[in-house]
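Peer 1: Here you go, sequence then predicted model.
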Amino acid sequence: MRLLLRVYPRPWRERYGDELDELLEHEPMTATLAADLVRGAVVERFRAVSRSPVLATGGVSMSFDWPQRHAVPIALLALVITVPTLIVISLFAVAAVVGSAEFTAALNGALAGWTRVRVVDLFLIVAPAVAVVLSALSMMSGSAAVSDGALRLSLVARPRLLPVMVLLVSLALTAFWIGHLGIDFLAGRP
């Protein structure tokens with residue numbers, strides 16, 4: 001019988017344990033009585049947890065700072081994702097500056113061969129936008145906490161040289177692609 005009383009939370013046992021022990025001395029132990037004691041203990045355990053100061057105040061704040069702790073590797077990943085797009089656009093920019101029709105034709109032929117698989121074409125377009133998100137994320141940290149029943153969110157940006165450089169290059173490439181696709185759309189080119 002005392003073993004079943006040990007299932008109740010300590011504060012409850014200190015307050016009501018002697019009374020319950022005295023009542024149970026005069027009752028025969030049955031399966032129903034044991035089940036009632038276990039059920040009561042579970043209910044009291046849940047009540048004890050729900051009155052916990054951690055739950056009442058919202059607990060400890062939760063921080064989101066892992067991207068910032070790994071800012072350089074994340075920025076390098078963003079740069080690696082962007083490099084193929086940067087190379088393609090740079091080659092076409094060189095072809096435009098040089099003005100060589102043969103060079104431009106060779107680039108168009110090579111690009112047509114690469115982009116027959118639409119995934120490659122899509123990657124070249126989407127990669128700078130993904131790099132923007134990754135490089136911006138690598139500079140962010142934040143936290144969430146519940147205080148007085150209200151959710152409080154905090155977001156902090158801490159710029160670092162490499163993520164900022166990758167962010168700027170990725171933004172420029174994204175703007176270029178948006179402009180290029182917009183011009184192609186307005187001109188009726190596929």
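Peer 2: That came through, no problem. This one's a predicted model, so the numbers in the text were calculated from it and none came from an experiment.
Peer 1: Every contact and neighbour count from this point should use C-alpha atoms.
Peer 2: Will do.
Peer 1: lowest average confidence, helix or strand, in this protein?
Peer 2: The weakest-scoring helix or strand in the chain, judged by mean pLDDT, DSSP states H and E, is helix 53-57 (a mean of 49).
Peer 1: Please enumerate residues in contact with stretch 71-88?
Peer 2: The contact list for stretch 71-88, computed with C-alpha atoms under 8 Å, 6 or more residues apart in numbering, reads 67, 124-125, 127-128, 130-132, 134-135, 138-139, 160, 162-163, 166, 170, 173.
Peer 1: I'd like to know which of those residues are buried.
Peer 2: The neighbour-count criterion (16 or more other C-alpha atoms under 10 Å) marks 67, 124-125, 127-128, 130-132, 134-135, 138-139, 162-163, 166, 170, 173 among these as buried.
Peer 1: Not counting its neighbours along the chain, what's nearest residue 136?
Peer 2: Computed as C-alpha to C-alpha, 6 or more residues apart in numbering, the closest residue to residue 136 that is not its neighbour in sequence is residue 167, at 6.5 Å.
Peer 1: Can you spell out which helices and strands pack onto the helix or strand harbouring the one you found?
Peer 2: Residue 167 belongs to helix 161-187 when assigned by DSSP states H and E. The elements that helix 161-187 packs onto, with contact taken as 3 or more C-alpha pairs under 8 Å, 6 or more residues apart in numbering; DSSP states H and E, are helix 71-98, helix 118-137.
Peer 1: Out of these, which gets nearest to residue 26?
Peer 2: Nearest to residue 26, of all these, is helix 118-137, at 66.8 Å by C-alpha to C-alpha.
Peer 1: between that closest one and helix 161-187, how big is the angle?
Peer 2: If you take axes from the mean of the first three to the mean of the last three C-alpha atoms, to 10 degrees, helix 118-137 sits at 140 degrees to helix 161-187.
Peer 1: Can I get helix 118-137 in PDB, CA atoms only?
Peer 2: Extracted C-alpha coordinates of helix 118-137, given in PDB (Å, rounded to 0.1, in the frame of the first residue of the first chain):
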ATOM      1  CA  ARG A 118      15.100  21.900 -67.500                       C
ATOM      2  CA  VAL A 119      16.500  21.200 -64.000                       C
ATOM      3  CA  VAL A 120      19.800  22.800 -65.000                       C
ATOM      4  CA  ASP A 121      18.000  25.800 -66.400                       C
ATOM      5  CA  LEU A 122      15.800  26.100 -63.200                       C
ATOM      6  CA  PHE A 123      18.900  25.700 -61.000                       C
ATOM      7  CA  LEU A 124      20.700  28.600 -62.800                       C
ATOM      8  CA  ILE A 125      17.700  30.800 -62.100                       C
ATOM      9  CA  VAL A 126      16.800  29.700 -58.600                       C
ATOM     10  CA  ALA A 127      20.400  29.400 -57.200                       C
ATOM     11  CA  PRO A 128      20.900  33.100 -56.500                       C
ATOM     12  CA  ALA A 129      17.600  33.400 -54.700                       C
ATOM     13  CA  VAL A 130      18.500  30.400 -52.500                       C
ATOM     14  CA  ALA A 131      21.900  32.000 -51.900                       C
ATOM     15  CA  VAL A 132      20.200  35.200 -50.800                       C
ATOM     16  CA  VAL A 133      18.100  33.300 -48.200                       C
ATOM     17  CA  LEU A 134      21.100  31.300 -47.000                       C
ATOM     18  CA  SER A 135      23.500  34.300 -46.700                       C
ATOM     19  CA  ALA A 136      20.800  36.400 -44.900                       C
ATOM     20  CA  LEU A 137      20.000  33.500 -42.600                       C
END
